[in-house]
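Undergrad: Okay, predicted coordinates and the sequence, questions at the end:
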Amino acid sequence: RLEDRRMLVTAEKRLAAGDPKGAQELAQQALDRKIGDEGRALFILAQVAVANKNREGAAENFQKAIQATRDPKVLAWSHVYLGRIMDMKEQRDAALNEYRAALTVGADLPEVKAAAERGLQQAYEPPVRPQ
């Protein structure tokens, strides 16, 4: 069904629009009903965890996404995000491995390449949000 195929696209749009709860519900439904790329659904759930400042949940879902997908964009960004999480935990060596993995799988994705190279040059620090 068409709306099934659109489920993950809609989840991504919800996330981009600042609705992590809506994105989470759709991605979880897609996972439960085995609709679309499992890795992409897990990637969305990981991004929701990032939005909710749930670092452990995010790391777990990014790792699961890497196991579940063959989509180079999902693979590469999962490695970038894992690298950032490792940097925030002050695990620099682990972070560097993730950034290198991102470069390997995302070599022809300019945004990934830029993000991974930044990560290799210096440890990631989350942007400070004004109160």
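TA: Yes, it's here.
Undergrad: can you pull the buried residues of the longest helix anywhere in the chain?
TA: For the chain, the helix that runs over the most residues, judged by DSSP state H, is helix 72-88. Residues of helix 72-88 classed as buried under the neighbour-count rule (16 or more other CB atoms under 10 Å) are 74-87. The C-beta positions use only the backbone N, C-alpha and C, and glycine is treated the same way.
Undergrad: hmm, who's touching it?
TA: 37, 39-40, 43, 46-47, 50, 55, 58-59, 62-63, 65-66, 69, 92, 94-99, 101-102, 105-106, 108-109, 112, 115-116, 119, 123-126 (CB atoms under 8 Å, 6 or more residues apart in numbering).
Undergrad: Show me which of the residues you listed are buried.
TA: 37, 39-40, 43, 46-47, 50, 58-59, 62, 65-66, 69, 95-96, 98-99, 101-102, 105-106, 109, 112, 115-116, 119, 123-124.
Undergrad: Would you map the strands across this protein?
TA: When assigned using DSSP state E, the chain turns out to have no strands.
Undergrad: Residue 23 against residue 8, yeah?
TA: No: judged on CB atoms under 8 Å, residue 23 makes no contact with residue 8 at a distance of 9.6 Å.
Undergrad: and for these two, which residues touch both?
TA: With CB under 8 Å, 6+ apart as the test, residue 23 and residue 8 both reach residue 44.
Undergrad: ok, and the closest non-adjacent residue to residue 38?
TA: Counting by CB to CB, 6 or more residues apart in numbering, residue 68 is the residue found nearest to residue 38 once chain neighbours are left out, at 4.4 Å.
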